[in-house]
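Asks: Any chance you can model this:
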Amino acid sequence: MTRPNMRFVPIKNAERQSVSALHTVRQGFVKARTAQASQIRGLLSEFGLIDPHGIVGMLPSRWQLGCAW
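Replies: Numbers count the residues shown, from 1 in each chain. This is a model prediction of the structure:
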């Protein structure tokens with residue numbers, strides 16, 4: 001069976017594949033970090049501790065003794 005409108009993509013070299021793999025892994029780490037920050041923010045809000053959105057609000061320096069409690 002032939003497909004007359006099929007386009008062929010050039011094969012990536014090893015360097016390009018490794019860069020693509022690094023981007024994919026990093027994207028997964030960022031997604032997991034964001035999900036965990038949202039989960040922590042939700043749990044803290046149950047105790048009345050409201051935190052600003054974003055990763056900046058989850059920095060350890062913000063949660064020093066006496067800052068949030």
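Asks: Show me the shaky parts of the chain.
Replies: Where the chain drops to pLDDT under 70, the residues are 1-2, 57, 59-69.
Asks: ok, 50 please
Replies: For the chain, the stretches with pLDDT under 50 are 65, 68-69.
Asks: Show me where this structure has its helices.
Replies: 14-46 (DSSP state H).
Asks: Check it and tell me which residue is nearest its centre.
Replies: Nearest to the mean C-alpha position of the chain, by Cα atoms, centre = their mean, lies Val30 at 1.8 Å.
Asks: Relative to Asn13, how far out is it?
Replies: Per Cβ to Cβ, to the nearest Å, Val30 is found 26 Å from Asn13. The C-beta positions use only the backbone N, C-alpha and C, and glycine is treated the same way.
Asks: Could you pull up the contacting residues of Ser20?
Replies: Contact partners of Ser20, counting by Cβ atoms under 8 Å, 6 or more residues apart in numbering, are Lys12.
Asks: Look up how far Pro10 lies from it.
Replies: Taking Cβ to Cβ, one finds Ser20 at 14 Å from Pro10.
Asks: what touches both of those two?
Replies: Common neighbours of Ser20 and Pro10 (Cβ under 8 Å, 6+ apart) do not exist.
Asks: which residue packs closest to Ser45, ignoring adjacent ones?
Replies: Using Cβ to Cβ, 6 or more residues apart in numbering and skipping residues adjacent in sequence, the residue nearest Ser45 is Asp51, 7.6 Å away.
Asks: Leu44 now?
Replies: Asp51 is the one closest to Leu44 (Cβ to Cβ, 6+ apart), at 6.0 Å.
Asks: was I right about the one you found contacting Ser38?
Replies: No. Between Asp51 and Ser38 there is no contact under Cβ atoms under 8 Å: 10.3 Å.
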